[in-house]
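1. I would like to see how this sequence folds:
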Amino acid sequence: MADTLASLRSLMASHSPPLDALVVPSEDYHQSEYVSARDKRRAFVSGFTGSAGLAVITMEDSRLWTDGRYFLQASQELSDQWKLMRMGEDPPVDVWMADNLPKASSIGVDPWCVSVDTAQKWERLFSRKDQKLVQTSKNLVDEVWTSRPPLEINPVVVHPLKFSGRSVTEKLKDLREKLVQEKARGIVITTLDEVAWLYNIRGNDVSYCPVVHAFAVVTLTSAFFYVDRRKLSSEVTTYMKENGIEVREYGDVASDVGLLASDQLTPSNEGGHVNDLIWVDPGNCCFALYSKLNADKVLLQQSPLALAKALKNPVEMDGLKKAHIRDGAAVVQYLVWLDKQMQELYGASGYFMAAESVNKNKNTTKLTELSVSDKLEQFRAAKEHFRGLSFPTISSVGPNGAIIHYSPDAKNCAELEPDSIYLFDSGAQYLDGTTDITRTVHFGKPTPHEKSCYTAVLKGHIALGNARFPGGTNGNTLDILARLPLWKYGLDYRHGTGHGIGSYLNVHEGPHQISFRPAARNVPLQASMTVTDEPGYYEDGKFGIRLENVLIIKDADTKFNFGEKGYLTFEHITWAPYQTKLIDLSLLVPEEIEWLNDYHSKCRDILAPYLDESEMAWLKKATIPVSV
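-> Model (predicted):
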């Protein structure tokens, strides 16, 4: 690490102009949340492996900014050469640089790895101190990363209509209508899941996300696909041709965007019309491509594909529901297996009984956070249409559960402990849908405090899932519903409450979200969106609790329709029991008990065809109706 920082500082000093600071973002050229191994530059320089964060290196200092999900993890992973900056508590990165770097400083960044929004915001702030943002011509981290993983050539596959539900022709027609509406003659699409969704293709270029490293440019009469051609079979090449999509090399996108700006990319008959703008999404388009355009002829607006992709069509909706049923069956099979193992190996009282464990494990067989998560993957892998996990499984026991995005590794993961809370947050990629579920369980005797915390989380989970709200409501407004039962005790959690989920695409999908963050005000929730419902509570050094289901937003049948806005509600599509042993039933009101019993009844009915006799017997016991 010290050598890396020294090498980078040497490159910063010899850069023209010399750099007073170097910013190393987490993102790749597509502003992705999850990136491929060769794009994990920030993890390489800092040692922090979380998905979100930003590193700043000066000649004397190195700091890492990350959000509340990762405070604990970052404090454990960063060496003493790094200072952790807590977002929301410490000054934002641009404010810190403006205030702490000398006047007229040069601050370097790879323009491919920073969005238009971010770069412009920094430029405005820096200009007040005569500081300037310098676009480096090469990524300085790549210059010193001698062991950088090689480029992988993974095949592009066509995502069939029976899963996608809409043809490329239909999607391009809709997109071009939006271009005309906004007086634009072209759009540059940089987000990987938007390119995959628009062209009905999938790939394997980023772990857990079935996407392809590619860009797209669409004009009123043409469509381009920028990709490493070695990834295309003759069938895919033919498919592209049949759909009127011209394939270009991945590296050609920069020069082609320049040609697009000067109206030379497509036939001249496109020129001279009123539609003269080029549309780019300022939150997702990299600064490098934006810099190729004429600033006064750019439409900086959220990509129209973000919302189009979020509004699931009937085929996608049906697929998601079916994928979640199979996935729920895998989770139940896992719980049945884990319950038996904990009793046999650790003398635990098990999923149903609340008693201290009889004896600690004296067997050579041990259950670790990693070995049990591998078993969960096996249950999923046996299901139809399985294509892999949708993110690294969070399998955490006791204190590790308090690390919100904890991911066990073979070297130092914990052994399961019958008298501690176990949290697992996991999901899978199926051809017909993407899943994400969290359950928290205890195989021994939970303390009254653990039970009251679990119950508060469950109450928030139920309150949000049962909400009815007028059309036009955003996720920022609803976030409080999941927190109120926790706030009653002076408790809270540092992450958002819900995110959209893809249709065999990214597990985190926008543009909507349910969160306390201001960004959740941007997009109203609409019928046919998917969203998660996942409140939690975490006690550092002790335990973590989270419950998560995927919901579909649908029209609500209300007696009245005040303001003629139309009302919306949620439909749960995740099926797995909540552990009644962890619930303090005295804290639930009759409506919550009724909801829990009804949900458990549906779990039994829906999962029955996927379980054998012994698994079904376990599920029946796990879903016995409760009462106060």
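2. pLDDT weak spots in this structure?
-> Scanning the chain for pLDDT under 70 picks out 1-2, 268-274, 359-362.
3. For it, which residue occupies the most central location?
-> Taking CA atoms, centre = their mean, the centroid of the chain lies closest to H508, which sits 2.9 Å from it.
4. Do a quick rundown of the strands in the stretch 251-400 of the chain.
-> With DSSP state E, counting those that start in this stretch as the criterion, the stretch 251-400 of the chain has strands at 277-280, 298-300, 386-389, 394-397.
5. three-state assignment of A98?
-> What DSSP: H, G, I helix; E, B strand; the rest coil gives for A98 is helix.
6. how far away is it from W65?
-> From A98 across to W65, the span is 14 Å (CB to CB, to the nearest Å). (C-beta placed from N, C-alpha, C; glycine too.)
7. repeat for K162
-> The gap separating K162 from W65 is 44 Å, by CB to CB.
8. Next: D110.
-> D110 sits 17 Å away from W65, going by CB to CB.
9. again with S503
-> For S503, the distance to W65 (CB to CB) stands at 32 Å.
10. the more surrounded of these two?
-> Set S503 next to W65 and count neighbours by other CB atoms under 10 Å: S503 wins out with 27 against 19.
11. Am I right that that one sits in a strand?
-> No - applying three-state DSSP, one finds S503 to be coil, outside a strand.
12. Nearest spatial neighbour of it, chain-adjacent residues omitted?
-> Nearest in space to S503, with sequence neighbours left out and distances taken as CB to CB, 6 or more residues apart in numbering, is E316 at 4.0 Å.
13. contacting residues around that neighbour?
-> Counting by CB atoms under 8 Å, 6 or more residues apart in numbering, E316 touches F163, S164, G165, G433, S503.
14. cool, and A21?
-> By CB under 8 Å, 6+ apart, the residues touching A21 are M12, V56, I57, T58, M97, L101, S105, S106, I107, G108.
15. Let's verify the last one: helix, strand, or coil?
-> Assigned by three-state DSSP, the conformation of G108 is strand.
16. correct me, but it touches P18?
-> No - G108 is beyond contact range of P18, at 9.5 Å (criterion: CB atoms under 8 Å).
17. Looking at those two, which one has more neighbours?
-> G108 (23 against 13).
18. and the gap between the more buried one and D94?
-> Between G108 and D94 the computed distance is 14 Å (CB to CB).
19. D409 too?
-> For D409, the distance to D94 (CB to CB) stands at 33 Å.
20. roughly how far is the single longest helix found in the chain from the heart of the chain?
-> Looking across the chain with DSSP state H, the single longest helix is helix 314-346. In this view, helix 314-346 has its centroid 21 Å away from the chain centroid, taken as CA atoms, centre = their mean, to the nearest Å.
21. Check which residues of it are buried.
-> By neighbour count with 16 or more other CB atoms under 10 Å, helix 314-346 contains the buried residues 315-317, 319-339, 341-343, 345-346.
22. residues in contact with the nearest residue to N522 once chain neighbours are set aside?
-> Using CB to CB, 6+ apart and skipping the chain neighbours, the partner closest in space to N522 is P511 (6.6 Å). The contact partners of P511, taken as CB under 8 Å, 6+ apart, are Q302, A306, L307, A310, G500, N522, V523.
23. As a check, name the ranges of all helices in the stretch 101-250 of the chain.
-> 116-127, 140-144, 161-164, 168-181, 192-199, 234-242 (DSSP state H, counting those that start in this stretch).
24. Isn't P392 up against S407?
-> Yes - applying CB under 8 Å, one finds P392 in contact with S407, separated by 4.5 Å.
25. Could you look up the SS state of N597?
-> Put simply, N597 is helix when judged by three-state DSSP.
26. what about it, how many neighbours?
-> Counted with other CB under 10 Å, N597 comes out at 15.
27. do the same with the one 3 residues further on
-> Residues lying near H600 (other CB under 10 Å) number 20.
28. any idea which helix or strand carries it?
-> Assigned by DSSP states H and E, H600 belongs to helix 590-607.
29. which strands and helices sit next to that helix?
-> Other helices and strands packing on helix 590-607, by 3 or more CB pairs under 8 Å, 6 or more residues apart in numbering; DSSP states H and E, are helix 314-346, helix 448-465, helix 613-622.
30. can you rerun that using 6 Å?
-> With contacts taken as 3 or more CB pairs under 6 Å, 6 or more residues apart in numbering; DSSP states H and E, helix 590-607 sits against helix 314-346.
31. picking up where we left off before, name the element the residue nearest to N522 belongs to?
-> Assigned by DSSP H and E, P511 falls in strand 509-514.
32. and that strand, how far out from the chain's middle?
-> 10 Å.
33. Quick one: end-to-end distance for stretch 499-506.
-> This stretch, stretch 499-506, spans 11 Å end to end (CA to CA, to the nearest Å).
34. which residues sit against it?
-> Residues outside stretch 499-506 that contact it (CB atoms under 6 Å, 6 or more residues apart in numbering): 193, 209, 310, 316, 431, 433-434, 436, 508-510, 512-513, 530-532, 550.
35. Would you map the strands across the stretch 1-150 of the chain?
-> Under the criterion DSSP E, counting those that start in this stretch, the stretch 1-150 of the chain contains strands at 21-25, 54-58, 62-66, 83-86, 106-109, 132-135.
36. Direction included, what does the first one pair up with?
-> According to DSSP bridges, strand 21-25 has the following sheet partners: strand 54-58 (antiparallel), strand 106-109 (parallel).
37. Using CSV, write out every CA atom in stretch 600-613.
-> Taking C-alpha atoms only, stretch 600-613 is exported to CSV below (Å, rounded to 0.1, in the frame of the first residue of the first chain):
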residue,chain,number,x,y,z
HIS,A,600,-47.6,-17.2,6.4
SER,A,601,-50.7,-18.9,5.0
LYS,A,602,-49.8,-17.7,1.5
CYS,A,603,-46.2,-19.0,2.0
ARG,A,604,-47.5,-22.5,2.7
ASP,A,605,-49.9,-22.5,-0.3
ILE,A,606,-47.5,-20.9,-2.8
LEU,A,607,-44.4,-22.9,-1.9
ALA,A,608,-46.1,-26.3,-1.4
PRO,A,609,-45.5,-27.6,-5.0
TYR,A,610,-41.7,-27.0,-4.6
LEU,A,611,-41.1,-28.7,-1.3
ASP,A,612,-40.9,-32.4,-0.3
GLU,A,613,-42.9,-33.9,2.6
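38. For R148, see how far away E89 is.
-> Using CB to CB, one gets 33 Å for the distance from E89 to R148.
39. A608 too?
-> Using CB to CB, one gets 50 Å for the distance from A608 to R148.
40. Specify which residue of these two has the higher count of neighbours.
-> More crowded of A608 and R148, by other CB under 10 Å: R148, with 16 against 13.
41. Grab the nearest non-local neighbour of the more buried one.
-> Closest residue to R148 apart from its sequence neighbours, by CB to CB, 6+ apart: R38 at 5.6 Å.
42. pretty sure that neighbour is touching E152, no?
-> No - using CB atoms under 6 Å, R38 is not in contact with E152; the gap is 8.1 Å.
43. quick one, what contacts A348?
-> Shown in contact with A348 (CB under 6 Å, 6+ apart): M342, S357, P418, F443, G444.
44. let's go with 10 Å and repeat that
-> For A348, the contact set (CB atoms under 10 Å, 6 or more residues apart in numbering) comprises 338-339, 341-342, 355-359, 361, 416-419, 442-445.
45. Identify the residue nearest it in space, chain neighbours excluded?
-> P418 (3.5 Å).
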